[in-house]
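Enquirer: any chance you could fold what I've pasted below:
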Amino acid sequence: MHLPLLEDILILLVFSVAIVFGLQKLKLPSIIGFLLTGVVIGPYGLSLIKAVEQVETLSEIGVILLLFVIGMELSIKQLASIKKTVFVGGFFQVGVTVVVAGLIYYLLGYTWNEAVFVGFLFSLSSTAIVLKTLQDRHEISAPHARNALAILIFQDIIVVPMMLVTPMIAGESTNLGMSILLLLGKTAVVLVITYVGARYLVPPLMHAVAKTNSKELFLLVTITLCFAVAFITSEAGLSLALGAFLAGLIVSESEYSHQATSIILPFRELFTSFFFVSVGMLLDLSFFLQNVPIILLILLAVFIVKTLIVAAAVAILKYPLKTVLLTGLSLFQVGEFAFILSKVGIEYNLLSAETNQYFLSVSILSMILTPFVIIFSEPISDKLIQLTRRFGYNTVTEPAHDLDTIMSHPLENHLIIIGYGINGSNLAKAAAANNIPYIAIEIDAEKVKREKAKGVPIIYADATQDHILETVRLSNARMAVVAISDVVATQNIIRSIRAHSDSLYLVVRTRYVKETSELFALGADQVIPEEFETSVQIFTHVLQNFLVPEDDIEHLVENIRADNYQLFKNELKRPKTYRPNEDLAEFNITCLRVNSDSNKFLKRPLQELNLRADYGINILGIKRKNKMLESIQPDDVLIQGDVLYIQGNPNKIEQFHKIIK
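Expert: Alright, predicted model coming up:
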């Protein structure tokens, strides 16, 4: 049986692999490769793709999944915190762009309705390319990325009213007022459903699914939620992408959003590649080559005008100059929703075929340039800041509440705990007690819910997933501890961690000493096997009970661990130690060595030291150069190297030990 779509997908994938592989060798963004693939295999290139409409349908799935993931990485609270940027900044950017672009087009001799519609087209930016590029650069939580996201959200919302207005400005009779009221009503219903679902329906559902420990069921439920909400918003007259974003927000309110994101990412990568390829297929190469100078001139004008307008929209919200410039440089391009809107314009004769080709050429070229502009936006903005300072522009301080929202988990130099069992939870308590910032990763849904309610910084996720490691800021962490008992999962986690960072100090817990060699080989800095650590604890207590000096015990433990527990595998002949009457063990007797060569206790008579009154301890005996001094006199003195047999409260003994070490 011959399937034309399958043949087209195969062609698409083969060319994508070849072109993206070549660009990766040149260290160029993969998005460029997908766009170029579309240009090459599209109807204006080699004409290898026949089922163009089916490929476009697959590309829409990519946009849906992209917005779904973006929504999951936010929360309703975070979105509410940028509502001012969404509505004020977004309205300013779209409104001013429509006016400026429309005015320029009108002055070129076109009618006012055509000018307004062209303004609509150039006011929209590329949600897919901008967010994908920012995600790949791990900047999605940065201030300029959040501002870009806010403005893109407004654009995705406003594109629907633009479609409703288009027939009106084309002179078609329609009840615009009623259409807008109906749209607002549907939007209100969708937002209510989103809020109720996020707060009361989805969290318990995801919790019940997670308890089954079925990855397949978890994936199906996540995908179903995404497409269900997208379908509802589409039926309500809103865009599919906006619905997918709302679906992501719903899932983000549960503690399972990180795991959901990690399992969606492979599907998103595949389908968004279809989207970029489908965009590239729209470019008419012959028209482009014939009109390169005009297209480049229009592109330059679009770049300057849109960058300045977006920057002004952010500036009026009193963000720092660098954030203003970075946001402007991120949104200079013309976006994918403009392609959908352009079809409506052609239908109502607001866009000629020639103008549409100019529009497509400029749009696709701006999309191709977007990753490069974002990559070099930092040095560009720095140069611009230096220039603006000469004209007296004063930067402003970023609002504190916005920073708190943007970096809700400002993880830096922190500890990552993978596995929240007894070992992981004890480590977390020790970290918290010493003000060490940490975040825990756990796959047990019940445990995550319980600990999260206690205020523990813990997420439900699989630590083998790259996205999860990025979420917990692995590259910024100081140390990670893998405290799970599954050796296969531990090995996979080590591989994933080392793929991200070679410098992170990594401590791993395992059950058996035979597993340590392989874990060291995979990249663990320290491996602690339960099998022998239990033995270490046992012999430590035994030797303490037999009054072996603490320093000797510590030295033995260090040697055992340093030699990868090899000392336990050989017969050892240990020197005999002094064993007092076993009844003395009931009196908290401890053996300490005087290591210090200078402190207030040395070479002074014991009667002057007031050890019992000041430190709450009694010296029962002194061992000096293998000779026991059993009869302690008030005028005896302590010297370096003495082994002291001390009785007293354990806390008091520990304080004394710190002084003589």
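Enquirer: alpha carbons only for contacts and neighbour counts from here, please
Expert: Noted.
Enquirer: quick one: buried residues of stretch 219-227?
Expert: Buried residues in stretch 219-227, counted by 16 or more other Cα atoms under 10 Å: 219, 222-223, 225-227.
Enquirer: pLDDT and secondary structure added to those residues, as TSV?
Expert: Formatted as TSV, those follow (pLDDT from 0 to 100; DSSP: H, G, I helix; E, B strand; the rest coil):
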residue	pLDDT	secondary structure
L219	87	helix
T222	88	helix
I223	88	helix
L225	88	helix
C226	88	helix
F227	88	helix
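Enquirer: which one among those gets closest to V488?
Expert: Closest approach between the buried residues of stretch 219-227 and V488, by Cα to Cα: L219, at 22.3 Å.
Enquirer: pretty sure that closest one contacts I263?
Expert: Yes: counting by Cα atoms under 8 Å, L219 touches I263, with 6.8 Å between them.
Enquirer: which one is I232 nearest to, not counting chain neighbours?
Expert: Ranked by Cα to Cα, 6 or more residues apart in numbering and with sequence neighbours excluded, the top spatial neighbour of I232 is G243, at 7.3 Å.
Enquirer: gap between that neighbour and I340?
Expert: From G243 over to I340 the distance is 17 Å, taken as Cα to Cα, to the nearest Å.
Enquirer: which among the buried residues of stretch 219-227 gets closest to V130?
Expert: Within the buried residues of stretch 219-227, proximity to V130 (Cα to Cα) peaks at C226, which comes in at 21.1 Å.
Enquirer: mind listing what that closest one touches?
Expert: Residues in contact with C226 (Cα atoms under 8 Å, 6 or more residues apart in numbering) are 64-65, 68, 244, 247-248.
Enquirer: redo that, cut-off 7 Å
Expert: C226 makes contact with 68, 244, 247-248, according to Cα atoms under 7 Å, 6 or more residues apart in numbering.
Enquirer: mind putting these into TSV with secondary structure, distance to F276 and neighbour count?
Expert: Below are those laid out as TSV (DSSP: H, G, I helix; E, B strand; the rest coil; distance: Cα to Cα, whole Å; neighbours: other Cα atoms under 10 Å):
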residue	secondary structure	distance to F276	neighbour count
F68	helix	17	31
A244	helix	18	32
A247	helix	23	30
G248	helix	22	32
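Enquirer: which residues are contacting stretch 653-661?
Expert: Here stretch 653-661 has contacts from 592, 594-596, 617, using Cα under 7 Å, 6+ apart.
Enquirer: of those residues, grab the buried ones for PyMOL.
Expert: This is the PyMOL syntax for the buried subset of those, where burial follows 16+ other Cα under 10 Å:
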select buried, resi 592+594+595+617
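Enquirer: identify those among the contacts of stretch 653-661 that sit within strands.
Expert: Within the contacts of stretch 653-661, residues falling in strands by DSSP state E are 592, 617.
Enquirer: where is pLDDT lowest across the contacts of stretch 653-661?
Expert: Looking at these by pLDDT, the weakest one is S596, with 71.
Enquirer: quick check: that residue touching Q640?
Expert: Yes: counting by Cα atoms under 7 Å, S596 touches Q640, with 6.3 Å between them.
Enquirer: ok so, going back, G243 and I340: which has the busier surroundings?
Expert: G243 (28 against 13; other Cα atoms under 10 Å).
Enquirer: remind me what the helix or strand the more buried one falls within packs against, helices and strands.
Expert: Using DSSP states H and E, G243 maps to helix 240-252. Packed against helix 240-252 by the contact rule (3 or more Cα pairs under 7 Å, 6 or more residues apart in numbering; DSSP states H and E) you find helix 52-72, helix 215-235.
Enquirer: comparing the ones you listed, which yields the minimum mean pLDDT?
Expert: Lowest mean pLDDT within the helices and strands packed on helix 240-252: helix 52-72, at a mean of 79.
Enquirer: which of the residues in that helix are buried?
Expert: Buried residues in helix 52-72, counted by 16+ other Cα under 10 Å: 52, 55-56, 58-72.
Enquirer: got the domain boundaries for the protein?
Expert: If you go by automatic domain parsing, the domain ranges for the chain are 51-265+293-389, 409-510, 582-660.
Enquirer: hang on, the earlier thing: closest to P549 out of the contacts of stretch 653-661?
Expert: For these, the nearest to P549 is L592 (5.1 Å; Cα to Cα).
Enquirer: rewinding a little: turn the contacts of C226 into TSV, columns for distance to A148.
Expert: Converted to TSV, the contacts of C226 look like this (distance: Cα to Cα, whole Å):
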residue	distance to A148
F68	17
A244	18
A247	20
G248	18
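Enquirer: re earlier: compare the domains of the chain and give me the one nearest A18.
Expert: Ranking these by their distance to A18 (criterion: Cα to Cα) puts domain 51-265+293-389 first, at 17.8 Å.
Enquirer: and that closest one, how far from the chain's centre?
Expert: Centroid separation between domain 51-265+293-389 and its chain, computed with Cα atoms, centre = their mean, to the nearest Å, is 21 Å.
Enquirer: next: stretch 273-287.
Expert: Once both centres are worked out by Cα atoms, centre = their mean, stretch 273-287 turns out to sit 31 Å from its chain's centre.
Enquirer: going forward can the numbers begin at 54, since that is how I track them
Expert: Done: numbering now begins at 54, and the last item shifts to stretch 326-340.
Enquirer: that one: which residues count as buried?
Expert: By neighbour count on 16+ other Cα under 10 Å, the buried set for stretch 326-340 is 326-338.
Enquirer: quick one: contacts for Q579?
Expert: By Cα under 7 Å, 6+ apart, the contact set of Q579 is 559-561.
Enquirer: for this structure, which segments count as strands?
Expert: With DSSP E applied, the chain shows strands at 468-471, 491-495, 511-513, 532-535, 558-563, 579-582, 642-646, 670-677, 680-682, 696-701, listed in chain order.
Enquirer: need those in JSON lines with distance to E192, can you?
Expert: Shown next, in JSON lines, are the strands of the chain (distance: least, Cα to Cα, whole Å):
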{"stretch": "strand 468-471", "distance to E192": "21"}
{"stretch": "strand 491-495", "distance to E192": "20"}
{"stretch": "strand 511-513", "distance to E192": "21"}
{"stretch": "strand 532-535", "distance to E192": "22"}
{"stretch": "strand 558-563", "distance to E192": "24"}
{"stretch": "strand 579-582", "distance to E192": "32"}
{"stretch": "strand 642-646", "distance to E192": "54"}
{"stretch": "strand 670-677", "distance to E192": "59"}
{"stretch": "strand 680-682", "distance to E192": "68"}
{"stretch": "strand 696-701", "distance to E192": "58"}
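Enquirer: which residue lies nearest the spatial centre of this structure?
Expert: Central residue of the chain (Cα atoms, centre = their mean): T524, 2.6 Å from the mean position.
Enquirer: how about the nearest residue to that residue, chain neighbours excluded?
Expert: Nearest one to T524, counting by Cα to Cα, 6+ apart, is H311 at 7.7 Å.
Enquirer: for the stretch 454-603 of the chain, which spans come out with low pLDDT?
Expert: Scanning the stretch 454-603 of the chain for pLDDT under 70 picks out 454-463, 584-590, 592, 594, 598-599.
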